[in-house]
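**Q** A predicted structure for the sequence below; I have some questions about it.
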Amino acid sequence: MRTAPLGDQFASCFTSRMLTGFCALIGAVIGTIFVARRARETAASAAAGKTVFFPVGATRPGDRRRYSLGRVQAGSAFQWEPRWSWTRLRALPTDLCYVCARPATFGEMWRIPIGTLVIECESSAGPVRLWAYPQQAVQVVEMIRRPGAPDLSKP
């Protein structure tokens, strides 16, 4: 019985690890492309007047940075509804006022989808943070802003 030299064992192990890493990288790229394409199509459908729902996550400062997944109907007044019945956050205040939109911080990137924008709002119940995809963020902000609502983004 002859065994393979030690160098061949290391090479085969290194090759399988590299193949696994390469497949994971390709899968992440394909997934990112798919999500971005779907977000663009949803935004285009909403602009065409079709009834669509945008995925929008929400959190309150007391929720320890945990975002609850929900959705809003495009083209109507902003009314966030939770995606599942077991979602921690059940409702948002009705008097949201837009403050600013910004890219996610490093700490938030671990909790929300890649490439989303964080929309900060104020309300009578305190601050609220939302996330939305960049292709849909403009429409979400327009739904939050109402005629006569104070614009807190300007000093």
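**A** Thanks, I have the structure now.
**Q** Following element in sequence after the longest helix seen in the chain, please.
**A** Longest helix in the chain, counting residues (DSSP state H): helix 6-47. Following helix 6-47 in sequence order, the next helix or strand is strand 53-59 (DSSP states H and E).
**Q** for that following strand, the distance to its chain's centre please.
**A** On the basis of CA atoms, centre = their mean, to the nearest Å, strand 53-59 is displaced by 7 Å from the centre of the chain it belongs to.
**Q** Stretch 52-63 too?
**A** Averaging C-alpha positions (CA atoms, centre = their mean) puts stretch 52-63 9 Å from its chain's average.
**Q** residues in contact with that stretch?
**A** By CB atoms under 8 Å, 6 or more residues apart in numbering, the surrounding residues in contact with stretch 52-63 are 42, 45-46, 65-74, 80, 83, 88-89, 92, 112, 116, 125-133, 136, 139-140. (Each C-beta comes from the backbone N, C-alpha and C, glycine too.)
**Q** now do stretch 69-89
**A** For stretch 69-89, the external contacting residues (CB under 8 Å, 6+ apart) are 42, 45-46, 49, 51-60, 63, 66, 68, 90-92, 96, 130, 136, 139-140, 143-144, 146.
**Q** From those, list just the buried residues.
**A** 42, 46, 52, 54-60, 68, 92, 96, 130, 136, 139-140, 143-144 (16 or more other CB atoms under 10 Å).
**Q** can you give me the angle the helix or strand Arg71 falls within makes with strand 53-59?
**A** With elements taken from DSSP H and E, the one containing Arg71 is strand 68-73. Strand 68-73 runs at 140 degrees relative to strand 53-59, counting by axes from the mean of the first three to the mean of the last three CA atoms, to 10 degrees.
**Q** Adjacent strands (with direction) for strand 68-73?
**A** Sheet pairing of strand 68-73 (DSSP bridges) gives strand 53-59 (antiparallel), strand 81-82 (antiparallel).
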